[in-house]
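*Asks:* give the three-dimensional model of this entry:
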Amino acid sequence: MKNPLTCNASERATNTVKGLEADNTDGLSQGVTNLARSMMLNNHYTALSTVIFNVGGKKFEISRKLLSQNPNTMLSRSAEARCQIDPNAEIFIENNGERFQFCLDYLRSGRVSIPCTVSKEDLLNDLAFYGIENIDKSAIIHDEYEDDRLRRLHVELIEHWRRSHIERIEKELERVNEEKQDNRLRDGILFGTLSVICFA
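*Replies:* Residues are numbered from 1 along each chain as shown. Have a look, this model is predicted:
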């Protein structure tokens with residue numbers, strides 16, 4: 001058996017439980033045994049440095065330190081020992097996984113920059129859903145560089161569509177003109193043939 005002075009907290013709690021179970025003679029020791037079990041479980045959870053959240057099918061590994069800094073959030077509470085039976089299991093949350101990364105950024109730094117494809121209102125709703133309090137709306141800004149890039153892309157797409165559309169129109173006009181020329185040629189030949197027949 002390891003020296004109690006050198007074993008970790010989880011091992012010490014396990015040894016305590018075993019010792020109390022061997023000497024469990026009254027209700028008091030039963031209560032202490034249950035307390036020791038709870039301590040052992042909490043120590044086991046504390047020893048794990050990260051938690052895996054599965055949000056709408058996308059997986060995120062989050063440090064318990066970040067969660068402990070935000071104890072009142074739904075994320076922190078769902079990762080507690082009393083809620084998470086298996087500390088190694090993923091915690092599934094039925095919500096938008098694409099926006100969750102921005103919620104984490106806000107949780108880490110108190111501010112977040114989002115692309116124009118993400119609605120600020122939707123993100124605010126997500127932050128409230130996760131129990132994040134005292135949200136500073138002014139700290140949620142749209143990424144200007146990303147907005148400019150998307151605007152340029154939009155302009156390029158419109159220009160490409162315009163050019164290709166004009167090219168199609170020009171080709172169609174050429175085809176119509178060629179058909180008109182062919183029709184005029186046929187009409188001329190027919191008229192000439194009828195004239196010869198009529199004046200012969």
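*Asks:* quickly list what the nearest residue to I93 once chain neighbours are set aside is bridged to.
*Replies:* Distance criterion Cβ to Cβ, 6 or more residues apart in numbering; nearest residue to I93, sequence neighbours excluded, is V55 at 4.8 Å. Using the backbone N, CA and C atoms, a C-beta is placed for each residue, glycine as well. Per DSSP bridges, the residues bridged to V55 are K58, I93.
*Asks:* hang on, V55 packs against E98?
*Replies:* No. Contact between V55 and E98 fails when scored by Cβ atoms under 8 Å: they sit 9.1 Å apart.
*Asks:* what about the two, which has more around it?
*Replies:* Neighbours per residue, other Cβ atoms under 10 Å: of V55 and E98, the larger number sits with V55, 24 against 12.
*Asks:* contacting residues around the more buried one?
*Replies:* By Cβ atoms under 8 Å, 6 or more residues apart in numbering, the residues touching V55 are F92, I93, N95, N96, G97, F100.
*Asks:* quick check: it vs L127, distance?
*Replies:* With distances taken as Cβ to Cβ, to the nearest Å, V55 is found 13 Å from L127.
*Asks:* cool, and I189?
*Replies:* 79 Å.
*Asks:* more neighbours: which of those two?
*Replies:* Set I189 next to L127 and count neighbours by other Cβ under 10 Å: L127 wins out with 21 against 10.
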